[in-house]
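>>> okay, predicted coordinates and the sequence, questions at the end:
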Amino acid sequence: MINIRALIFLFSMSFSSLIYAEKTSDLLSLYNEALRHDALLSAATIQNKATQELIDQGLSLLLPNISAQGSYTDLDDSRKFNTPISNVLLAGTKADYQNYEYGVVVRQPIFNYASYNRYKQNLIQTSLSDKQLLWSRQDLIYRVVKLYFETLQASDEIDLLQAQRKEILAQLAEAEAMFNAGLVSITDVNETKTKAALIEVQQLNAVQLFKIKKREFETVTGSLPGKLNKLNPVITFTEVENKAEEWIDIAIENNLDLQIRRDEVKIADREIDIRAGDRFPTIDAFASRSRNWNSGGYPYGTTKNQGGKNFSDAIGVEINIPIYQGGFRSSRVREGKLLKLKLQEDEEYLERQVKLAVRENFLHLQTNFAEIVAYDVALKSAKLTLDSTNLGFKAGLRDSIDVLRAQQVYFDAEKDILDNKYDYLMNLINLKFSVGMLTKQDIIETNKYLIMEQ
């Protein structure tokens with residue numbers, strides 16, 4: 001048992017020394033690395049650039065269209081007559097010659113209701129894509145902060161368990177000494193040994209979790225972080241001044257999920273116009289030129305020098321009026337209106353969810369602020385209780401179980417106050433994310449809560 005404990009202790013200490021030997025990483029530096037290496041943000045950026053091409057694609061529907069065509073045909077014709085033909089030129093039965101043709105057509109849309117609305121729809125689509133990219137940037141801030149604090153919590157767990165283990169081993173040594181002196185029973189020694197073994201298991205789990213959390217940074221930054229800067233214990237937290245209703249009003253205007261859904265409704269509205277445009281006439285101006293000639297004469301030719309040439313130039317206006325297609329166009333318009341109505345209902349539901357999320361995050365912040373003060377008082381009280389319990393054990397008035405319980409309450413209070421501070425900062429990020437106001441400045445402000453290495 002002693003050898004196993006020694007190995008676990010050495011493993012934990014060596015791992016801890018490895019942590020502190022690494023370079024330090026704060027929240028801002030890791031966020032800057034994530035900006036350069038996060039695959040999700042990179043994919044969103046590429047998607048946004050691709051969507052910008054919709055502007056040119058929509059504009060092309062309103063600009064001139066120029067096309068050219070040409071052909072070459074090698075002809076080998078023959079024919080049969082039922083009655084003799086006296087004309088030599090017309091009596092030939094075989095002809096072997098080539099036909100050449102080319103033409104150019106320029107077409108300019110004058111009126112096309114569907115194409116105009118398609119262009120407007122593409123503009124809204126690019127605006128939606130810009131909002132999606134902005135959402136991805138805010139999501140990256142959220143993911144980096146969340147992972148940073150989760151990793152810090154795992155690191156704090158290791159530190160607290162090491163400190164608790166040190167206290168338990170000291171308590172074990174004292175209990176064994178008092179048992180040898182006949183002052184306490186073997187139960188005190190066994191209880192302390194059991195607690196020490198359980199703490200060793202918790203240490204192994206805490207180290208494993210910490211290693212996993214640091215590996216998760218690779219998916220965001222592309223590399224393992226160094227030693228993470230921890231919360232500065234002397235920094236105080238301030239209560240959020242704005243009222244919940246004020247935050248909700250901001251969210252209704254700025255929440256990116258809501259803005260994206262509103263753009264989807266606008267796109268659906270333009271889709272109705274596009275489908276309705278199928279029932280409108282289209283007007284195009286056009287100009288064309290074509291040339292056609294062959295190497296034979298009329299009708300087949302008797303010599304290669306008797307070929308003919310055709311010239312054709314045209315300019316005009318073309319009107320296409322759709323009349324009836326079995327009710328297909330009207331059905332598509334009705335379908336588009338129903339799809340828009342569905343999106344409007346989704347928007348209404350999302351707005352309610354956003355209001356709820358903002359209100360919850362705001363209430364969590366208020367609760368966290370009050371809990372920080374309460375946990376600080378509880379920590380001081382737990383420390384006094386632990387000290388008095390230790391004195392009572394040494395005086396023979398308390399047993400080891402009382403000491404272990406007091407130790408557990410004290411270290412739980414330490415963990416609770418740290419977790420609550422992380423929750424406060426995380427809920428502040430959640431609140432700003434839910435109202436659409438999360439920026440790099442929030443990373444900078446949150447970074448000030450950390451201990452900065454000189």
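Yep, it's here.

>>> excluding its backbone neighbours, what's nearest the residue positioned nearest the centre of the chain?
Nearest to the geometric centre of the chain sits Ser136, at 4.3 Å (C-alpha atoms, centre = their mean). Take Ser136 and drop its neighbours on the chain: the residue closest to it by C-beta to C-beta, 6 or more residues apart in numbering is Ala44, 3.7 Å away. Heads up, the C-betas are built off the backbone N, CA and C, glycines and all.

>>> dump the longest strand seen in the chain to PDB, keeping only the CA atoms.
Longest strand in the chain by number of residues, with DSSP state E as the criterion: strand 94-111. Output in PDB follows, covering the C-alpha atoms of strand 94-111 (Å, rounded to 0.1, in the frame of the first residue of the first chain):
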ATOM      1  CA  LYS A  94     -24.500  12.200-105.700                       C
ATOM      2  CA  ALA A  95     -22.900  15.200-104.000                       C
ATOM      3  CA  ASP A  96     -19.900  15.400-101.700                       C
ATOM      4  CA  TYR A  97     -19.300  18.800-100.100                       C
ATOM      5  CA  GLN A  98     -18.900  20.700 -96.800                       C
ATOM      6  CA  ASN A  99     -21.200  23.100 -95.100                       C
ATOM      7  CA  TYR A 100     -20.000  26.000 -92.800                       C
ATOM      8  CA  GLU A 101     -22.000  28.200 -90.400                       C
ATOM      9  CA  TYR A 102     -21.400  30.700 -87.600                       C
ATOM     10  CA  GLY A 103     -23.500  33.200 -85.700                       C
ATOM     11  CA  VAL A 104     -23.500  35.700 -82.800                       C
ATOM     12  CA  VAL A 105     -26.500  36.600 -80.700                       C
ATOM     13  CA  VAL A 106     -26.600  39.500 -78.100                       C
ATOM     14  CA  ARG A 107     -29.600  39.400 -75.700                       C
ATOM     15  CA  GLN A 108     -30.400  42.100 -73.200                       C
ATOM     16  CA  PRO A 109     -33.300  41.600 -70.600                       C
ATOM     17  CA  ILE A 110     -35.600  44.600 -70.500                       C
ATOM     18  CA  PHE A 111     -38.200  43.200 -68.100                       C
END
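
>>> my guess is Tyr449 contacts Ile235. True?
Yes. With contact defined as C-beta atoms under 8 Å, Tyr449 reaches Ile235; the gap is 5.3 Å.

>>> which one's more surrounded, those two?
Under the neighbour definition other C-beta atoms under 10 Å, Tyr449 and Ile235 were set side by side, and Tyr449 has more, 18 against 11.

>>> how about the more buried one, phi and psi?
phi -80, psi -10 (degrees, to the nearest 10).

>>> contact partners for it?
By C-beta atoms under 8 Å, 6 or more residues apart in numbering, the contact set of Tyr449 is Leu231, Asn232, Ile235, Leu425.

>>> pretty sure the second one is touching Thr446, no?
By that I understand Asn232. No. Asn232 lies out of contact with Thr446 (C-beta under 8 Å); the separation is 11.7 Å.

>>> what about those two, which has more around it?
Counted by other C-beta under 10 Å, Asn232 and Thr446 do not tie: Thr446 has more neighbours, with 22 against 12.

>>> so the more buried one: helix, strand or coil?
helix (DSSP: H, G, I helix; E, B strand; the rest coil).

>>> about what we covered before: what strands line up against the longest strand of the chain, and which way round?
strand 65-78 (antiparallel), strand 282-294 (antiparallel) (DSSP bridges).

>>> hey, least reliable of those by pLDDT?
Note on the strands paired with strand 94-111: lowest mean pLDDT is at strand 65-78, with a mean of 86.

>>> next one: it to chain centre, how far?
53 Å (C-alpha atoms, centre = their mean, to the nearest Å).

>>> switch the strands paired with strand 94-111 over to CSV; also include distance to Asp419 and mean neighbour count.
As requested, the strands paired with strand 94-111 are exported to CSV (distance: least, C-beta to C-beta, whole Å; neighbours: other C-beta atoms under 10 Å):
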stretch, distance to Asp419, mean neighbour count
strand 65-78, 65, 10
strand 282-294, 66, 16
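
>>> so what's the residue nearest to the centre of the chain up against?
Listed by C-beta under 8 Å, 6+ apart, the contact partners of Ser136 are Leu40, Leu41, Ala44, Thr45.

>>> the second one belongs to a strand?
So that's Leu41. No. Counting by three-state DSSP, Leu41 is not found in a strand; it is helix.
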